[in-house]
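Chemist: build the 3D model from these lines:
(one chain, ligands or ions: 2)
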Amino acid sequence: MTETSVVEFAPAKLNLALHVTGRRDDGYHLLDSLVCFADHGDRIALSRGGSSLMIDGPFSAGLDAGGDNLCLRAAALTGADAAIRLTKNLPVASGIGGGSADAAAVLRGLARLGHPMPDDTHRLGADVPVCLRSAPARMSGIGEVVVPLPALPTLDLVLVNPGVAVSTPQVFAALDRRDNPPLPPIPAFADATALIAWLRQTRNDLQAPASRIAPVIGQVLQALTHHGAGLARMSGSGATCFGIFDGAAGARAAASDLARRGWWAVATELAQPQIAG
Ligand SMILES: C[C@@](CO)(OP(=O)(O)O)[C@H](O)COP(=O)(O)OP(=O)(O)OC[C@H]1O[C@@H](n2ccc(N)nc2=O)[C@H](O)[C@@H]1O
Ligand SMILES: Nc1ncnc2c1ncn2[C@@H]1O[C@H](COP(=O)(O)OP(=O)(O)O)[C@@H](O)[C@H]1O
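Modeler: Ligands and ions are numbered 1, 2, ... in the order given. Coordinates of the predicted model:
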């Protein structure tokens, strides 16, 4: 029997590495990124009938529930009517793709309710195609080329956002170079140590321009390293940063210390894949 209501998890997207390799004539940048998903995210509940969006959760304030919301834009792309409830656990405009993850979760949920997946999901945002699968992938082009990767090793992560929203177009505009080399080949990683060693050969090219716009990003990265992260880096266009820790206990201790500074800080790990369909 077809379902009448469904719940979908919208996990935070992490760009473990992000190289900017060029710029198209329309101004969009060519990227090469190792993307994965954290086991922390928003929650989308969908029911058949009606056409509404209700938002609750710790980051609901200030997020408009009107037609521009990516949840409603995703529903409109399929032509479906649905009552949507979004529990917003992820900071907004923070480099972890919360809006894209929400749009992708709405599309996955609507597919379960019988509405076919559109093939132009990138129109909702460059990160939506990779968020549809919410599984490790190499993302290139402007975000529309998504090549699935084998599962990554278990990672103990801390995500930290210092509470400043940085504008994605402004960060891209502040890049010094747009012709950086692509990522080195991505091997199958035996363990977290091998992944960290590979990541050290890579960068997030958006980290330097974002840190100039919001210098607190540099403080977050230093604090993550000081609290024991084996690798600390910004995700996407910021300002959220992630640290990779050696064990869940160290990650939890670091997150609770960093939260005392008034920053959003959560200990998490990699998400189980959410395959669309
Ligand atoms: C930078 C990334 C990396 O994963 O992440 P976030 O910081 O957003 O999480 C994404 O490419 C962002 O994806 P998304 O947030 O969906 O971007 P969009 O809404 O499509 O684009 C916002 C703006 O960013 C710039 N943009 C975006 C993607 C891209 N490949 N080149 C760009 O130059 C453009 O100025 C565009 O108008
Ligand atoms: N459901 C949504 N969640 C978050 N942001 C949304 C949503 N719908 C629309 N937006 C808008 O999309 C922009 C990007 O948000 P978000 O995806 O959280 O950023 P990022 O990709 O940098 O993490 C924000 O400026 C926000 O106002």
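
Chemist: for my notes, confirm residue 36 occurs in a strand.
Modeler: Yes - per DSSP: H, G, I helix; E, B strand; the rest coil, residue 36 lies within a strand segment.

Chemist: contacting residues for it?
Modeler: 13, 14, 16, 135, 136, 137, 152, 155, 270, 271 (C-beta atoms under 8 Å, 6 or more residues apart in numbering). In this view, the C-beta of every residue, glycine as well, is placed from N, C-alpha and C.

Chemist: could you do residue 158 as well?
Modeler: Counted by C-beta under 8 Å, 6+ apart, residue 158 has contacts 224, 227, 229, 242-243, 245, 251, 254-255, 258, 265-268.

Chemist: which two of those have the greatest separation?
Modeler: Greatest spatial distance in the contacts of residue 158: 227 and 268, 15.1 Å, computed using C-beta to C-beta.

Chemist: which residue does the stretch 51-200 of the chain bring closest to ligand 2?
Modeler: Residue of the stretch 51-200 of the chain nearest ligand 2, by C-beta to the nearest ligand atom: residue 99 (2.8 Å).

Chemist: hmm, back to that, closest to ligand 1 among the contacts of residue 158?
Modeler: For the contacts of residue 158, the nearest to ligand 1 is residue 242 (12.3 Å; C-beta to the nearest ligand atom).

Chemist: quick one: pLDDT of that closest one?
Modeler: On pLDDT, residue 242 comes in at 98.

Chemist: doesn't it belong to a strand?
Modeler: Yes - checked against three-state DSSP, residue 242 lies within a strand.

Chemist: show me the beta-bridge partners of it.
Modeler: Residues in a beta bridge with residue 242, per DSSP bridges, are residue 159, residue 233.
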